[in-house]
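**Q** fold the following, please.
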Amino acid sequence: MIAACKAGKIDLIVTKSISRFARNTIDCLKYIRDLKAINVAIFFEKENVNTMDTKGEVLITIRASFALQESESLSQNVKLGLQYRYQQGKVLINHNHFLSYTKDKDGNLVIEPEEAKTVKRIFYSYLQGMTMKQIAESLKADGVLTGGKGTNWGSSGVNRILKNEKYMGNALLQKTYTVDFLTKKRVKNKGIMPQYYVENDHPAIIPKSVFMQVQNLICQRRNGITTKNGRHRRVNSKYCFSQRVFCGKCGDIFQRNMWYRPTKVAVWRCASRIRRSKKGRRCMIRNIKEPLLKAATLDAINQLIESHELADKQIKANIMKIVKNSKGPTIEELDKQLEDAQLKLIQAANHHQNRNELT
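**A** Presented below is the predicted three-dimensional model:
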């Protein structure tokens, strides 16, 4: 509109009130003077003021100051209202761009089944070793829609989903706050404003144990881990045994290397054997070829399943179901069974690891 005024296309601007024309007194007077210099008048209906009047600027200055104070007062009232709702544990969520959730007629969050599959895919893909960038690329390649109904996935978007506690049914309130009521600029809350945590507020898509497993994995990939021998190692999950195999002699992490003699084969070696310490000492434990490590891992998993009563009962129940029903389970039922089985394996592995640490 300002450009149209300078081009001579507008001679008079009619606006409802001074508070609707500009955010503060300085901006209001600046634009009034700029337009007045090119003979463009502004008429404010509520205040009944014309800028071409000799007394107009004085009245506008006074009214604009009042409008500024009114906007600030309104902003403070809104902040206090939100603060009260947060204290009461009332969750306010804009579901329009919130992947996997929508609202029912009563305003409660409910799960979108198709979009929930995307969230589950992201979490379990990350647990299986994929990076955030790889997950984003796979979603983009498959044409999966984002919360904004687009296909432009990025690692930052995947990161926000993996760290969003709302997917396990909880809600952290006041993650951001407004620093200026005029510009409406919001910044991340780093302890300046109080935060409130609400548990079991809405239906969960991801089990809490899986969510916490993902958070620990994110922390490990970012900060590395400290091994039993006191070494700090950077870790990645590029391979299936990454950050899962440790040296039984010195406690350091095993790393993957390639041998090309006589044939190409992957081997796993103790990091202390690859990298010398300042004292020049190295761990001389033997290397392990990857095929042997895979076979040993498969045997251990089979023994765990065979010795687990719930797993044995589930296998028998599945066999009886298939015998009685020739059609067999649906795809959704199989997905649910696989998800439950993966969750049980994660819990069993954590329990086994904790028991080994205690012993």
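**Q** so Pro194, which of the three states?
**A** With DSSP: H, G, I helix; E, B strand; the rest coil as the basis, the three-state label of Pro194 is coil.
**Q** so what's it up against?
**A** Gln83, Tyr86, Gln174 (Cβ atoms under 8 Å, 6 or more residues apart in numbering). All C-beta spots, glycine's among them, are computed from the backbone N, C-alpha and C.
**Q** okay, it and Lys175: tell me how far apart.
**A** With distances taken as Cβ to Cβ, to the nearest Å, Pro194 is found 12 Å from Lys175.
**Q** buried among the contacts of Pro194? Make that a PyMOL selection.
**A** Applying 16 or more other Cβ atoms under 10 Å to those leaves a buried subset, and the PyMOL line that selects it is:
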select buried, resi 83+86
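**Q** okay if I get the contacts of Pro194 as TSV plus distance to Leu139 and pLDDT?
**A** Formatted as TSV, these follow (distance: Cβ to Cβ, whole Å; pLDDT from 0 to 100):
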residue	distance to Leu139	pLDDT
Gln83	37	73
Tyr86	33	71
Gln174	30	82
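**Q** closest to Ala41 out of the contacts of Pro194?
**A** Of all the contacts of Pro194, Ala41 sits closest to Gln83, with 42.9 Å by Cβ to Cβ.
**Q** check contacts around the closest one.
**A** With Cβ under 8 Å, 6+ apart, Gln83 has these contacts: Pro194.
**Q** let's go with 6 Å and repeat that
**A** Residues counted as contacts of Gln83 (Cβ atoms under 6 Å, 6 or more residues apart in numbering): none.
**Q** where does it sit, in terms of helix or strand?
**A** helix 56-87 (DSSP states H and E).
**Q** strands along the stretch 151-300 of the chain, start to end?
**A** 171-173, 176-180, 185-188, 196-198, 225-226, 232-233, 254-259, 265-270, 288-289 (DSSP state E, counting those that start in this stretch).
**Q** any idea which of the ones you listed scores lowest on pLDDT?
**A** In terms of average pLDDT, strand 232-233 trails the rest of the strands of the stretch 151-300 of the chain, at a mean of 68.
**Q** just to revisit the earlier point, with distance to Arg160 added, can I get the strands of the stretch 151-300 of the chain in TSV?
**A** Listed next are the strands of the stretch 151-300 of the chain as TSV, based on distance: least, Cβ to Cβ, whole Å:
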stretch	distance to Arg160
strand 171-173	13
strand 176-180	13
strand 185-188	12
strand 196-198	18
strand 225-226	24
strand 232-233	27
strand 254-259	30
strand 265-270	34
strand 288-289	38
